[in-house]
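*Asks:* fold the stuff below for me.
(2 chains)
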Amino acid sequence: MGTPLLFATLGGVLSERAGVIHLGMEGIMLVSALVTFVVDLQTGSKVLALVGAMMAAGALSGLHGFVCISLRGNQIASGLALALFGTGLSGLFGDALIGSTVTSLDRIPIPGLELIPILGSAFFNQDWMVYLSYVLVAGLWFVLFHTNWGLQIRSVGEAPIVCDALGLSVAKIRYICVIFGGMLIGLGGAYFPMVLTSFWVDDLTAGRGWIAVALVIFAFWHPGKAFWGAYLFGAAIAFQLQAQVMGLKIPSYILEMFPYLLTIVVLTVVTVRNRRAGQTFMPAALGLPFFRGDKH
Amino acid sequence: MSVQVAVTVGSIVLALILGSVLLALVGVNPMEAYPSVGALMFFDQWGWQDLFLKMTPLLLTGLGVAIAAQLNLWNIGAEGQLYLGAIATTWLALEFSESLDAHFMLPILLIGTFVAGGMWAAIPAGLRSWFGVNEIITTLLLNYVAISLADYLLFGAWRDPSTLNFPMTRSFGESSYLPMIGSTTVHWGLPLGILLAVLTWILLKSTTIGFQIRVAGDNLSAADYSGFNTKNLLFIVLVLSGAVAALAGMTEVAGIHHRLQQNFSINYGYTGIIVSRLARNHPIGVIGTAFLLAVIFVGGELLQVEYQLPIAVVYLFEGLLLFTVIGSELFLSYRLRRRVAV
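*Replies:* Numbering: from 1, shown residues only, chains lettered A, B, ... in the order given. Now for the predicted structure:
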């Protein structure tokens, strides 16, 4: 349950580190889930399905980038447009697919590690996309904090004017981060038909994209913290589903509120603690369009 | 002004063209579909009445979003506020409409829903004002909570056992029906929305608090230095925003369905964000843009009936329109800049 959240949160982290808010995650995830489903149904190849999903997600993110970076439109509004547009696309083109099914990925236990008590089977007896997500956490952390590229990305998110003066192309770096970030979000969408639900239903991702938007904030725009955040919320959603199966005496619709209320509570705690500490982890230029002619 | 209108019309046309490409992909001929949908919408009695019916919730949610936007706050929770308003209206109507007549019932519904919506919005408003919690995320997440709450009631305590498979409450007593205008099927929710839009504009233009809101909207720290209590302002504006959006829930259940049922809102709350944005958050402007979005809704409905397309086609067009509108704003700022320079 945490894996799609993790992919999407990592994508959000990458994009927002460069200064562009990715609010349209829900739309990207729905479209990439649809593409995965269709390609898998037509070709039977999981790899092709994943490539298709990432291309679709990259294209939609490119559109978001075009509006936010080149046209300097409002990032929040553009993200909302993307969420609506993506929901519309997946609903319109997915209508004919309702009822069809694809196969799910197999679990591949990692010898040795899966035998660790409790956590072993939870983390190391999974499908290969889960392992890919671990690699991406480490990879994104390394790129962002230990390479020159990462330094450039973070600088563009903090002080685009300075970067521009130093001869970096703010627009180019932002485009790259938005599109690659979008592809990661697309992996999150692809995970639904790949593993979680083998049949197509309308609104497959059911609001997870929005939770990922919030997760980016409480991961402090950090890939490592995104990992824990995503699995905490994955656990919350899994608990909700499990409680329904076990027939706990809490009505299912009240349980459904649980992950959302938890998000609000955690967000509040995190915000208050940061304010007390006088710290802000948010990239300084997040949400602000950059224009060379602007003088600040 | 004329440039603004031209750019807005241009972005609408562009959205329609892009949408037609996607329609063609699912096998609908847009050259045939657009004119036939347009004719049904504007020249058929059912069509134009439906336009005004769809315009009502869009106007109220759009106005709610626009109120928050005066302080650069993003209320993305209009959908949840609408649901909460519908829940409040339903509770009041089920509880009292047998014993009270319409003269008492309608004001009770109006005030009760307004207060309930305000209280609901007080959660993100308080968190934002006093703890600095991002209101975009909290208002958004509360949408899911409100919808789950409605489902909980619909599948539980309020479910009408006589409606076999459809989760809905029993019908309200007639004293809770919003009256119709003349012999049409358009209820008085629409004039109510227009009145509130005008009142909001007057409040902003010619009252002290309106002045404070305008100053704080331009520059929050300047307002702070002037000694305005900006924390209270943020709180009040976000609460008002939610209260107005909640009224959309009242007009839907008391004006049209006369009961609470599942999925009664076709993303009216989210669409309110587009309505407000398209009007550049002007309270009078939202009257016009709410009508425009109603055209998309009714158009989508007609496409559903005539071509068996899913309701998602509405979201598709909304997304496209919002994209073209935001994208076009650059051209507006260019024009303004040049004129200022000359």
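*Asks:* ok, the closest residue to chain B within the stretch 151-296 of chain A - how many residues close by?
*Replies:* Closest residue of the stretch 151-296 of chain A to chain B, C-beta to the nearest C-beta: residue A:253 (3.6 Å). Every residue, glycine included, has its C-beta placed from N, CA and C. The local packing of residue A:253 (other C-beta atoms under 10 Å in any protein chain shown) involves 17 other residues.
*Asks:* can you check residue A:227 too?
*Replies:* For residue A:227, the neighbour count with other C-beta under 10 Å is 21.
*Asks:* likewise the one 10 residues further on?
*Replies:* In terms of burial, residue A:237 registers 19 neighbours under the definition other C-beta under 10 Å.
*Asks:* is chain A contacted by the helix or strand where residue B:298 lies?
*Replies:* Here residue B:298 sits within helix B:285-307, counting by DSSP states H and E. No: shown here: helix B:285-307 not in contact with chain A (C-beta under 8 Å from any C-beta of the partner chain), separated by at least 9.5 Å.
*Asks:* same check, this time on stretch B:316-324
*Replies:* Yes: Stretch B:316-324 lies within reach of chain A by C-beta under 8 Å from any C-beta, at B:316, B:317, B:318, B:319, B:320, B:322, B:323.
*Asks:* quick one: which of the residues you listed sit in helices?
*Replies:* Counting by DSSP state H, the residues of stretch B:316-324 next to chain A place B:316, B:317, B:318, B:319, B:320, B:322, B:323 in helices.
*Asks:* could you tell me the end-to-end distance of stretch B:173-191?
*Replies:* End-to-end distance for stretch B:173-191, by C-alpha to C-alpha, to the nearest Å: 23 Å.
*Asks:* also stretch B:247-267?
*Replies:* End-to-end span of stretch B:247-267 (C-alpha to C-alpha): 15 Å.
*Asks:* any idea of the mean pLDDT for that stretch?
*Replies:* Average pLDDT, stretch B:247-267: 92.
*Asks:* can you name the residue of the stretch 1-150 of chain A nearest to chain B?
*Replies:* Using C-beta to the nearest C-beta, residue A:91 is the residue of the stretch 1-150 of chain A that sits closest to chain B, at 2.3 Å.
*Asks:* backbone dihedrals for the residue of the stretch 151-296 of chain A closest to chain B, please?
*Replies:* Residue A:253 adopts backbone torsions of phi -70, psi -30, taken as degrees, to the nearest 10.
*Asks:* residue A:109 too?
*Replies:* Dihedral pair for residue A:109: phi -70, psi 140, per degrees, to the nearest 10.
*Asks:* figure out the helix or strand that the nearest residue to the residue of the stretch 151-296 of chain A closest to chain B once chain neighbours are set aside lives in.
*Replies:* Excluding its sequence neighbours, the residue lying closest to residue A:253 (C-beta to C-beta, 6 or more residues apart in numbering or on different chains) is residue B:152, at 3.6 Å. Using DSSP H and E, residue B:152 sits within helix B:135-155.
*Asks:* so the residue of the stretch 1-150 of chain A closest to chain B is in contact with residue A:201, correct?
*Replies:* No: contact criterion C-beta atoms under 8 Å: residue A:91 and residue A:201 do not qualify, at 10.8 Å.
*Asks:* so which bits of stretch A:214-231 are buried?
*Replies:* Using 16 or more other C-beta atoms under 10 Å in any protein chain shown as the test for burial, stretch A:214-231 gives A:214-223, A:225-227, A:229-231.
*Asks:* before we move on, what about stretch B:46-53?
*Replies:* Of all the residues in stretch B:46-53, those buried under the rule 16+ other C-beta under 10 Å are B:47, B:48, B:49, B:50, B:51, B:52, B:53.
*Asks:* run the chain-centre distance for that stretch.
*Replies:* Chain-centre distance of stretch B:46-53: 17 Å, with C-alpha atoms, centre = their mean, to the nearest Å.
*Asks:* avg pLDDT for it?
*Replies:* 90.
*Asks:* likewise stretch B:72-82?
*Replies:* On average, the pLDDT along stretch B:72-82 is 94.
*Asks:* quote the end-to-end distance of that stretch.
*Replies:* Stretch B:72-82 has an end-to-end distance of 21 Å (C-alpha to C-alpha).
*Asks:* just checking, what packs against the strand or helix carrying residue A:257?
*Replies:* Using DSSP H and E, residue A:257 maps to helix A:252-277. For helix A:252-277, the contact count by 3 or more C-beta pairs under 8 Å, 6 or more residues apart in numbering or on different chains; DSSP states H and E identifies helix A:208-218, helix A:223-245, helix B:102-131, helix B:135-155 as packing neighbours.
*Asks:* closest to residue A:72 out of those?
*Replies:* helix B:135-155 (19.7 Å; C-beta to C-beta).
*Asks:* just the CA coordinates of that closest one, formatted as CSV?
*Replies:* Below are the C-alpha coordinates for helix B:135-155, written out as CSV (Å, rounded to 0.1, in the frame of the first residue of the first chain):
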residue,chain,number,x,y,z
GLU,B,135,-4.6,25.4,4.0
ILE,B,136,-4.3,23.9,0.5
ILE,B,137,-3.6,20.4,1.9
THR,B,138,-6.0,20.5,4.9
THR,B,139,-9.0,21.8,2.9
LEU,B,140,-8.3,19.2,0.3
LEU,B,141,-8.0,16.3,2.7
LEU,B,142,-11.2,17.3,4.5
ASN,B,143,-13.1,16.7,1.3
TYR,B,144,-12.5,13.0,1.7
VAL,B,145,-13.6,13.1,5.3
ALA,B,146,-16.9,14.9,4.5
ILE,B,147,-17.7,12.5,1.7
SER,B,148,-17.0,9.6,4.0
LEU,B,149,-19.2,11.2,6.6
ALA,B,150,-22.1,11.5,4.1
ASP,B,151,-21.6,7.8,3.1
TYR,B,152,-21.6,6.8,6.7
LEU,B,153,-24.9,8.5,7.3
LEU,B,154,-26.4,7.3,4.0
PHE,B,155,-25.5,3.7,4.6
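*Asks:* what average pLDDT does that helix get?
*Replies:* 91.
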